[in-house]
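In: have a look; sequence and predicted model below, questions after that.
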Number of protein chains: 2
Amino acid sequence: MKLATIPNGSRDGALAVVSRDLTRMTSAEAIAPTMQAALERWSDVEAPLRALAERLEQGEGQPFDPATALAPFPRAWQWLDGSAFQSHGDLMSTVFGMEKLPYDQRPLMYQGVSDRFLAPTEDVALPSEADGIDIEGEVGVVVDEVPLGTSAAGAEAHIKLILLINDWSLRTIAPVEMKTGFGWVQAKPPCSVAPVAVTPDELGVHWRDGRVCLNLDVHWNGERFGAANGGAMAFSFAQLVAHAARTRDLVAGTIIGSGTVSNADYRSVGSSCIAERRGIELLDNGVAETPFMRFGDRVRMEASLPGASETLFGAIDQRVVEARPAQ
Amino acid sequence: MKLATIPNGSRDGALAVVSRDLTRMTSAEAIAPTMQAALERWSDVEAPLRALAERLEQGEGQPFDPATALAPFPRAWQWLDGSAFQSHGDLMSTVFGMEKLPYDQRPLMYQGVSDRFLAPTEDVALPSEADGIDIEGEVGVVVDEVPLGTSAAGAEAHIKLILLINDWSLRTIAPVEMKTGFGWVQAKPPCSVAPVAVTPDELGVHWRDGRVCLNLDVHWNGERFGAANGGAMAFSFAQLVAHAARTRDLVAGTIIGSGTVSNADYRSVGSSCIAERRGIELLDNGVAETPFMRFGDRVRMEASLPGASETLFGAIDQRVVEARPAQ
């Protein structure tokens, strides 16, 4: 089943079910007014939502244009982002001369801004090119309510939806904040999210071991930048959920991210963020040649099932622009 | 003006105006249904709320029991906690053998869990005494919408309410998470908040230079633990707000915390967290003797205007209990 949030003038938009090929939709507001409301009552709403999805596949519904959708969650109560790809973490630690991150011990995770997720085609307004504007292509999961102390074995059943996320990052600020140990605030402005949230069964065998085993296709100004596979996570999403729930209940609609998708053969498959490519250049050539993003640059992110003619989540396709100064 | 949130069966409770002496209240739902709704329309609702407050001072209203209130914001879209007291930061850095935090350069801040704030008398359910259960007595401010790029000079006008907060902390986990640079997730379960939110004018001259210049009285199992003054912040709340808004718009209802209130003469005034007292013991005697909290322990936090017979925010007064394991 595929779900989207349609603009209706409210902060949270309106819930819609979308056809598998992303061409048709039907309002689901009679079942749950918003994506958040659906997650809060998932066990009650899942069957009627799936019934709507079934009728869509039989040809019902109205036209859907993924480019007009909001983020599936225009805002959420909690966004916890992991960093589960060891090839990325190890490279960054090496480049910055930092101690290796503890991938053999426990997941890495920070809490990020969640009062706003940008729509997939919305301009991304940032204050300064000097901040080192970068993308981070990720996948993420959405859970229903997860009680404190839930184990990894128990966590997978709470994973209800999968998302494709661009976690915008400001690389000049990131190491300054990281060095304090407090994590990132200024370095992590709001993320963008692809238009369609999908249930794990939509991935078939490519949802495996609690991982999204699909390539994340990233294009920067029309040129292919990376196609790393999400299956390489050092920890599964179930482990990330259990980590997050160690000392708190997770509110329904909590979004948990994978961190930048990265593979050990990043030299051939490419990267999901510019910082990683710069790190490779620095290691290989002694100098990071690829610049960070400029105002006006575009980024496109999408993922497809092998052999499919359409994208799974729809595409993030947006432009970075200069934020207007505060009055 | 003093505001509180009254239980009504909903997640966000109902907005009420409270008399200065905390004995009477009147529903403000006709003006704004919730505290969050009030912050979203503050310029429209402030005058009518103040008119209600005026009538309360003239004897109108119904009885108010602060012990029955919810947290002023039972949940919020964003909780950003600073660490603005240098005496605390310097001591912790010394004790943990870490590099001194950059108090002369930029504020420290992390984003914490905000989908739930515990009511002031609610039991605090935590999974294990072995996690090193600790309090952090803080003050915080609530802003209306703050545009990206707002300066410190422009930020103070956005500060609408002041809160008293206990930022529960798990000290066994905190340094492990801090060392990764990602900040805290497991080490920071939901905070508790005193029953009444107050407008800055309620502090008179004790709201000065963007700081809450009042003693934070902390009692642990009935014994005085600390009475440090909030005026010693290295950065003002206006500076903290501007720091937070450097690369993001701050949503109305964002709560920004001071970090553990601490004074350079902590040996005489006491502390607002156990970790600080343990740090002093370690420095002075070579061994940290004061244990962290046990299940069943109580903590009380409050603050009063000098000479006042009643507390300003009402009291946080609650007990730590063992969380029931997940099913």
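Out: Great, that's in hand.
In: the closest residue to residue A:249 other than its chain neighbours: neighbouring residues, count only.
Out: In space, residue A:249 comes closest to residue A:148 once its chain neighbours are excluded; the distance is 4.9 Å by C-beta to C-beta, 6 or more residues apart in numbering or on different chains. The way it works is simple: take the backbone N, C-alpha and C, and place the C-beta from them, glycine included. A count of neighbours around residue A:148, defined by other C-beta atoms under 10 Å in any protein chain shown, yields 18.
In: wait, residue A:148 sits on residue A:251?
Out: No - the pair residue A:148 / residue A:251 is not scored as a contact, 11.5 Å apart, by C-beta atoms under 8 Å.
In: can I assume residue A:312 is in contact with residue A:301?
Out: No - contact status for residue A:312 versus residue A:301: not in contact, 11.6 Å apart, counting by C-beta under 8 Å.
In: who touches both of these two?
Out: Common neighbours of residue A:312 and residue A:301, using C-beta atoms under 8 Å, 6 or more residues apart in numbering or on different chains, are residue A:164.
In: who has more neighbours out of the two?
Out: residue A:301 (29 against 22).
In: which residues does that one contact?
Out: By C-beta under 8 Å, 6+ apart, the contact set of residue A:301 is A:135, A:137, A:164, A:166, A:194, A:216, A:217, A:218, A:219, A:315, A:316, A:317.
In: got the phi and psi for it?
Out: Backbone dihedrals for residue A:301, given as degrees, to the nearest 10, come out at phi -130, psi 140.
In: cool, and the one 3 residues further on?
Out: Geometry field for residue A:304 lists phi and psi as phi -130, psi 150, criterion degrees, to the nearest 10.
In: what pLDDT does the model give it?
Out: According to the model's per-residue confidence, residue A:304 sits at a pLDDT of 97.
In: setting aside sequence neighbours, what's the nearest residue to it?
Out: residue A:311 (5.2 Å).
In: quick check, the one you found in contact with residue A:317.
Out: No - proximity of residue A:311 to residue A:317 does not meet the contact threshold set by C-beta under 8 Å, at 10.5 Å.
In: rewinding a little: who touches both of residue A:148 and residue A:251?
Out: Taking C-beta under 8 Å, 6+ apart as the contact rule, residue A:148 and residue A:251 have no neighbour in common.
In: quick revisit: tell me the one of the contacts of residue A:301 nearest residue B:105?
Out: Ranking those by separation from residue B:105, with C-beta to C-beta as the measure, puts residue A:135 on top at 28.0 Å.
In: contact partners for that closest one?
Out: Under the criterion of C-beta under 8 Å, 6+ apart, the neighbours of residue A:135 are A:166, A:167, A:168, A:169, A:218, A:220, A:272, A:273, A:274, A:293, A:299, A:301.
In: widest-spaced pair of those?
Out: Considering C-beta to C-beta, no two members of those lie farther apart than A:167 and A:220, which are separated by 15.4 Å.
In: what about those two, which has more around it?
Out: Using other C-beta under 10 Å, the more surrounded residue of residue A:167 and residue A:220 is residue A:167, with 25 against 18.
In: for chain A, which spans come out with low pLDDT?
Out: Scanning chain A for pLDDT under 70 picks out A:327.
In: centroid-nearest residue for it?
Out: residue A:165 (2.2 Å; C-alpha atoms, centre = their mean).
In: show the subsequent helix or strand relative to the strand or helix carrying that one.
Out: Assigned by DSSP states H and E, residue A:165 belongs to strand A:159-166. Sequence order places strand A:169-170 as the next helix or strand after strand A:159-166, per DSSP H and E.
In: pretty sure residue A:90 contacts residue A:100?
Out: Yes - Residue A:90 is in contact with residue A:100 according to C-beta under 8 Å; the separation is 6.2 Å.
In: so who does the nearest residue to residue A:8 once chain neighbours are set aside touch?
Out: Take residue A:8 and drop its neighbours on the chain: the residue closest to it by C-beta to C-beta, 6+ apart is residue A:14, 4.4 Å away. By C-beta under 8 Å, 6+ apart, the contact set of residue A:14 is A:5, A:6, A:7, A:8, A:27, A:29, A:33, A:34.
In: the same query, at a cut-off of 10 Å, please.
Out: Under the criterion of C-beta atoms under 10 Å, 6 or more residues apart in numbering or on different chains, the contact list for residue A:14 reads A:4-8, A:27-29, A:32-35, A:70.
In: and the residues you listed, which two are the farthest apart?
Out: Across the contacts of residue A:14, the longest distance by C-beta to C-beta is 16.9 Å; it joins A:7 and A:32.
In: more neighbours: which of the two?
Out: residue A:32 (21 against 12).
In: mind checking the SS state of that one?
Out: With DSSP: H, G, I helix; E, B strand; the rest coil as the basis, the three-state label of residue A:32 is coil.
In: tell me, how many residues neighbour the residue in the stretch 101-250 of chain A positioned nearest to chain B?
Out: Each residue of the stretch 101-250 of chain A has a distance to chain B, by C-beta to the nearest C-beta, and the smallest belongs to residue A:183, at 2.3 Å. For residue A:183, the neighbour count with other C-beta under 10 Å is 26.
In: excluding sequence neighbours, find me the nearest residue to it.
Out: Once flanking residues are discounted, residue A:183 sits nearest to residue B:183: 2.3 Å by C-beta to C-beta, 6+ apart.
In: contacting residues for the one you found?
Out: Contacts for residue B:183 were tallied using C-beta under 10 Å, 6+ apart; they are A:109-112, A:177-178, A:180-185, B:81, B:109-112, B:177.
In: swap in 7 Å and give it another go.
Out: Contact partners of residue B:183, counting by C-beta atoms under 7 Å, 6 or more residues apart in numbering or on different chains, are A:110, A:182, A:183, B:110, B:177.
In: for stretch A:153-162, buried residues please.
Out: Across stretch A:153-162, burial judged by 16 or more other C-beta atoms under 10 Å in any protein chain shown covers A:154, A:155, A:156, A:158, A:159, A:160, A:161, A:162.
In: kindly report the same for stretch A:297-309.
Out: Buried residues in stretch A:297-309, counted by 16+ other C-beta under 10 Å: A:297, A:299, A:300, A:301, A:302, A:303.
In: tell me where the stretch 51-200 of chain A has helices.
Out: Here the stretch 51-200 of chain A has its helices, by DSSP state H, counting those that start in this stretch, at A:86-95, A:152-155, A:174-180.
In: make a markdown table out of these and add distance to residue A:226.
Out: Listed next are the helices of the stretch 51-200 of chain A as a markdown table, based on distance: least, C-beta to C-beta, whole Å:
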| stretch | distance to residue A:226 |
| --- | --- |
| helix A:86-95 | 11 |
| helix A:152-155 | 28 |
| helix A:174-180 | 19 |
